[in-house]
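Trainee: Here is my input; please provide its structure:
(2 chains)
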Amino acid sequence: MKMMSWGDALWLGLTARFARVGRLRRAVLMLAAAACTAAAVLYWKQQTDDSANRPLHSMYSGIEPQWSWLCQHDRCERYQASDTTTLQSLQTCNMLCASTQLWPQPTGPVSLASAAVPVRSDRFSLKVVASPSRDVTKHLNEAFIVMQNHMRTLEHGVVGENRRSDIGPPRDVLVKVSVNGSGDPRMRLDTNESYKLALRPSGNSLVVDITAHSFCGARHGLETLLQVTWLDPYAGSLLILEAATVVDAPRFPYRGLLLDTARNFFPVSELLRTIDAMAANKLNTFHWHVSDSQSFPWKLDSAPQLAQHGAYGPGAVYTSDDVRTIVKYARIRGIRVLMEIDTPAHVGRAFGWGPEAGLGHLAHCIEAEPWSSYCGEPPCGQLNPRNPHIYDLLEHVYREIIQLTGVDDIFHLGGDEVSEQCWAKHFNDTDPMDLWMEFTRQAMHVLERANGGKAPELTLLWSSRLTRSPYLERLDPKRFGVQVWGASQWPESRAVLDAGFRSVISHVDAWYLDCGFGSWRDSSDGHCGPYRSWQQVYEHRPWATETPESAAWPVEGGAACQWTEQLGPGGLDARVWPRTAALAERLWADRAEGATADVYLRLDTQRARLVARGVRAAPLWPRWCSHNPHACL
Amino acid sequence: MILVSRYYLVLGLQILVTFSNCSFSRSKNPLWTWECINEKCVPSRPDPTNKLQSLETCNMLCAGGQIWPQPRGAISLSTTAVPVHADSFRLKILLTPSRTVQEYLQESFELFREDVKRLEQSAFGFEERRSVLVRIAINGSEDPRMRIDTEENYKLVIRPNSDDGLMLVDISASTFCGARHGLETLIQLIWFDPYVASLFMLEAASVDDSPRFKYRGLLLDTARNYFPVRDLMRTIDGMAISKLNTFHWHVTDTQAFPLQLDSVKHLSKRGAYSLRDVYTKDDVRALVHRARLRGIRVLIEIDVPSHVGQTWSFSSDSETDDLSLCTNAQPWSPLCHEPPCGQLNPRNTDLFLLLEQVFTEIIQLTGVDDLFHMGGDDVSLECWEHYFNDTNSENYLIEFTRSSLDRLRYVNGRLPNLTLFWFSSISDRIKTDLKESADFIGLQLREFTWKHKSINGIRTVISHEDAWDLNNGMGAWYDTNGGIPYNSWQHVYEHRPWAKDVANIEGGEATVWSSTLSDDGLDATVWPRAAALAERLWTDCAEGATRPVHARLDLHRSRLVARGLKAAPIWSMWCTQNPYTC
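Mentor: Just a heads-up that it's a prediction; the model follows:
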């Protein structure tokens, strides 16, 4: 069977189109321009009744494309492949037609070419032009390999030898990175995450310039570069925009996702995949709610008893090596791992070994019944604030957290849902609130010791009675920050901000991903609902209120919370994504507009990116809508 | 005999000591041991002087009755166990009404052994496993298919043979499907003990069982988003584990037509998302075969006359002759329920020839000829009114239904015993306008309208959205809020709309629409909630989601997980380990 050369086919295709269909002129002109640089993504299909002789058949050894998308009036319209003379995949049409398709949307100026050229993952090379430290250089190299591996994964989507030879040779891409700021590659509170990306053709190859003030910023640049690279399944090749410039920086410095690994255990592989998906959305904080009263899966080197008494079983334990793996994986993706060992409440059997070790009761009310008198949900348990051994133990725990995660400027003390009744039962001489305040002070003290004598710049507490008046006034806003989980309309949710406490927003009415699945207890209805749709997640903008005080609110950012009473490893991806991607854009770009048509389109593309990366995100809508987006909007 | 029982009842350290060559160390050091106290398994720290028992074994031996769905007849279970092995199961067919049934039994038994093998992946444990002889006797229908009149009752007896220690399992049933349910119950009495790294089976049991309702279904929509065949296979396995019997495959809709039919190739060519995202005839055959071995019928629904789309717009040029009207109409809201729009043209006579071919092929592929689903929901009278400029378009729907039934009768030789329609605006005219077929027509009810007088006497399948729709509450894609509330498993379980009147109720069905669902979410969305429905329809106990039901469903959920379904947890693992505390 005779195969036409790419140039011939394209030429015939173009002349045929001009003669026949005037209304496709815009697409044709765009594609003609692309052809001038020998860079078009347009495949010609000869119209003939004798289908056996159609060149398409010779080009597609596997399955022939069924649909073709053409950009008309800034929209991709779907056609039966046999009804059109041009063949263009949905991916390519989306990338070249109108919308930017970047997620999260950059906050600075963006300009993108509407032409693409073929590339191959192994033809990308990195040149570190400027780097403030060897550590940063090393991280850049590793982050570059991560990006290349993602491209390789995309290329694996090409089945067999499907690559068409007629789209031209893949271009070389030289990625030049300059970091001219911090020599510390870690994601820190003061890390400048801004970056600039400029992609342009240079001779027969492409040059990408990424400049940033930190490793994390440069890594975001690589992530954006990956977003302008896609697999065209019809061409069987990666394509990249021929030119692009992006200037970008996040609106909020703290952009997190909380995962609870205590209610149900998640294997390390699930955590890694979640972190990778966070990186794809430029989130920067993996808030690992590692323990709770139900279980304590982390086997610390300094206090192995906790997991020995608190883990679900030998198969449900994180070792220190696991933690190191996770931290390293996260770090080259520009993400800090914020481990939270929640105290003084939300502890359980893990702390039940005090008496047998001669240390007295480390905790009270462990699995006390009736639980509703002593805790928010079964099983109960609360540390014994009067046992000095508990502070020694916490110092070990804190030291190991800081050592393993390398995060020393931010810390999470927990402080969630303390039961006053539990302490009141054991210490009837003191106001439990005073005990709580005293516990917090002591915990802060050992945290300082564990951190080399210096308090972390920001120590977070969950919002609670302690962070309400009159107790809030007794906390120092220079040391403590508050993760606000109460509903956005609760007065106390605003009060902490009005009082000048740096805050991370996790409002239950918008960013709790576990809500809406009914009650898991047989005896009570204590659960939140309904489900928070991605649109609600996206449109929640509590800082944009009319009140004059809100302008001065020290909002550090936000975090989505995935509690896991009703979630196991299967289904994690579909529960968390793409809703957390919606949050990522809210926190990165914080555009005033809500879930508009453009947001649907871009998020749908981002969801497809996540799926291609191996994250099995839930669909936004029927796939028909992805194919005909404007008909669903 | 007594020695044997005691010996195996106490699994743990003593056994370790006795059989130190069993490399017990493989399961690492257990953190907890469970003890049966007042019919509850209570964990404690292992004490070197004491025996060690795993949660799995404690659950099976402690309270008894861990079968899901709960059998309806007499049941007695021993509290002792014997070690077994997948390879130690042999089948002996004592009585079979036909060769086909015999072949089905043999194949089904192979599946059973694979399932058992799956449980014991990591087993090595005991040297002295017991041999198990499974003897099956079927004395009824020679047709192995799940049919409307299939007797699904079975009787299962497990006992040790006192002479040689051989374990005897006797399953008797009237049909292949009944016997298969017996095997399913048998596998529920087999579990893997991680502490001893061996499979165990109850030493004695007797179960007498039959379902309350004969139609126990699960609908899966593969049109709004495509699911690979392996997802459907896995779903069918989950149904079999829970003794559901009808896989209602809502295979097409306006959005897509992924089913490849020989008779009308145009349909999938114009309607699939890509030529990769289709179900070939071989796919369907494989699925139907698997389902049959699992005692499940595959009920394919090609929804007409509404819920069709671009797929059907392949015929002619002039508009009135089109097979489908209102295709992709914009704005969609006046002409259909959700975008894209599309509705068949009842005036196009070619249409019925086409439907005839589609009906024939569906019946051939699935081998289900006593039950049919015609769709018929969300018909937009406005669409037809708009095209025909006629305000009485309800008559078109009656006409369309009558013609479709005629074609179905023609291709099938007679009307199927039951042809299902979704409840619609013409449902109350069935008894008058479709009188001649009324006995063979059933209504699938999504809303609580079944008490409606005008449909009195018409057979029904219940799929109330506010109880048994499994994708409620996850947000609607065209709506920014969370939408209607989620149906928790407790709510699914406790829904019992027939409290007083069960006449004409064929059964019930959970529905899974896939607008915002794809592979990863599937298992966790469907399971264990569909299992909750399964027990409602099989057993129909008056009681609701009590504590024992929580505990039993939790165990059943772990069974689903062990068989490869990623069912959602019903609570934290702590509650699993302390079942009666939550």
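
Trainee: In the helix or strand hosting residue A:326, which residues are buried?
Mentor: Element membership of residue A:326, judged by DSSP states H and E, is helix A:320-331. Judged by neighbour count (16 or more other Cβ atoms under 10 Å in any protein chain shown), helix A:320-331 contains these buried residues: A:320, A:322-323, A:326-327, A:329-331. Where you see a C-beta, it was placed from the backbone N, CA and C, and this is true even at glycine.

Trainee: what's the single longest helix in the chain?
Mentor: If you meant another chain, say so; for now it's chain A. When every helix of chain A is counted residue by residue (DSSP state H), the longest turns out to be helix A:134-156.

Trainee: Chain B is the one I meant
Mentor: The helix that spans the most residues within chain B, counting by DSSP H, is helix B:99-119.

Trainee: Just checking: what are the partner strands of the helix or strand just after it?
Mentor: Following the chain from helix B:99-119 toward its C-terminal end, the next helix or strand by DSSP H and E is strand B:132-138. The strands beside strand B:132-138 in its sheet (DSSP bridges) come out as strand B:89-95 (parallel), strand B:167-173 (parallel).

Trainee: With mean pLDDT and mean neighbour count as new columns, can the ones you listed be given to me in CSV?
Mentor: Supplementary listing: those in CSV, determined by pLDDT from 0 to 100; neighbours: other Cβ atoms under 10 Å in any protein chain shown:
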stretch, mean pLDDT, mean neighbour count
strand B:89-95, 97, 15
strand B:167-173, 98, 21
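
Trainee: where's stretch A:340-360 relative to the chain centroid, distance-wise?
Mentor: Remark: stretch A:340-360 is offset 33 Å from the chain centroid, using Cα atoms, centre = their mean, to the nearest Å.

Trainee: buried ones in the longest helix of chain A?
Mentor: Buried residues in helix A:134-156, defined by neighbour count with 16+ other Cβ under 10 Å: A:136-137, A:139-140, A:142-144, A:146-148, A:150-151, A:154-155.

Trainee: quick check, nearest of those to chain B?
Mentor: The closest of those to chain B turns out to be residue A:154 (Cβ to the nearest Cβ; 16.7 Å).

Trainee: so what's that closest one closest to, chain neighbours aside?
Mentor: Take residue A:154 and drop its neighbours on the chain: the residue closest to it by Cβ to Cβ, 6 or more residues apart in numbering or on different chains is residue A:231, 4.3 Å away.

Trainee: burial count for that neighbour?
Mentor: The tally of other residues near residue A:231 (other Cβ atoms under 10 Å in any protein chain shown) stands at 21.

Trainee: Sheet partners, orientation included, of the helix or strand containing it?
Mentor: Under the criterion of DSSP H and E, residue A:231 resides in strand A:229-232. Strand pairing for strand A:229-232, determined by DSSP bridges: strand A:237-241 (antiparallel).

Trainee: next SSE after the strand it pairs with?
Mentor: Next element after strand A:237-241 (DSSP H and E): strand A:244-248.

Trainee: Which residues outside that next one are in contact with it?
Mentor: With contacts defined as Cβ atoms under 8 Å, 6 or more residues apart in numbering or on different chains, strand A:244-248 is touched by A:102, A:106-113, A:194-199, A:220-221, A:224, A:228.

Trainee: 7 Å - rerun?
Mentor: Residues outside strand A:244-248 that contact it (Cβ atoms under 7 Å, 6 or more residues apart in numbering or on different chains): A:106-113, A:194-199, A:220, A:224, A:228.

Trainee: Of those residues, which belong to strands?
Mentor: Judged by DSSP state E, the subset of these located in strands is A:110-112, A:195-199.

Trainee: Including neighbour count, could these go into JSON lines?
Mentor: Listed next are the ones in strands among the contacts of strand A:244-248 as JSON lines, based on neighbours: other Cβ atoms under 10 Å in any protein chain shown:
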{"residue": "A:110", "neighbour count": "16"}
{"residue": "A:111", "neighbour count": "11"}
{"residue": "A:112", "neighbour count": "19"}
{"residue": "A:195", "neighbour count": "27"}
{"residue": "A:196", "neighbour count": "19"}
{"residue": "A:197", "neighbour count": "26"}
{"residue": "A:198", "neighbour count": "17"}
{"residue": "A:199", "neighbour count": "24"}
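
Trainee: what does the domain assignment say about the chain?
Mentor: The chain I'm using is chain A. Domain segmentation of chain A under automatic domain parsing yields A:104-248, A:254-588.

Trainee: Wait, chain B was what I had in mind.
Mentor: Dividing chain B into domains by automatic domain parsing, as the record does, gives the ranges B:4-209, B:215-581.

Trainee: wait, which of those domains is closest to residue A:624?
Mentor: Using Cβ to Cβ as the criterion, the shortest distance between residue A:624 and those is 3.4 Å, found for domain B:215-581.

Trainee: How far does that closest one sit from its chain's centre?
Mentor: 13 Å.

Trainee: And residue B:290, how far from residue A:280?
Mentor: Here the criterion is Cβ to Cβ, to the nearest Å. By it, residue B:290 lies 37 Å from residue A:280.

Trainee: Which one of these two is surrounded by more residues?
Mentor: Neighbour totals were compared for residue B:290 and residue A:280, and residue A:280 leads with 23 against 20 (other Cβ under 10 Å).

Trainee: what sits against residue 76?
Mentor: You didn't pick a chain, so chain A it is. When contacts are counted by Cβ under 7 Å, 6+ apart, residue A:76 is found next to A:69, A:90, A:93-94, A:97, A:629.

Trainee: ah, I was thinking of chain B
Mentor: Residue B:76 neighbours (Cβ under 7 Å, 6+ apart): B:205-206.

Trainee: Residues in a beta bridge with it, which ones?
Mentor: In this structure, residue B:76 bridges to residue B:206 when assessed by DSSP bridges.

Trainee: For residue 382, give me phi and psi.
Mentor: Let's take chain A. Main-chain torsions, residue A:382, degrees, to the nearest 10: phi -150, psi 140.

Trainee: What's the local residue count around it?
Mentor: By the measure other Cβ under 10 Å, the count of residues near residue A:382 is 31.

Trainee: pLDDT score assigned to it?
Mentor: Here, the pLDDT recorded for residue A:382 equals 97.

Trainee: how near is it to residue B:421?
Mentor: With distances taken as Cβ to Cβ, residue A:382 is found 59 Å from residue B:421.

Trainee: swap in residue B:494?
Mentor: Note on residue B:494: its distance to residue B:421, by Cβ to Cβ, is 28 Å.

Trainee: So between the two, which is more surrounded?
Mentor: The residue with the greater number of neighbours, taking residue B:494 and residue B:421 and applying other Cβ under 10 Å, is residue B:421; the counts read 23 against 15.

Trainee: Can you say which helix or strand has that one in it?
Mentor: With elements delineated by DSSP H and E, residue B:421 resides in strand B:418-422, which encompasses its position.
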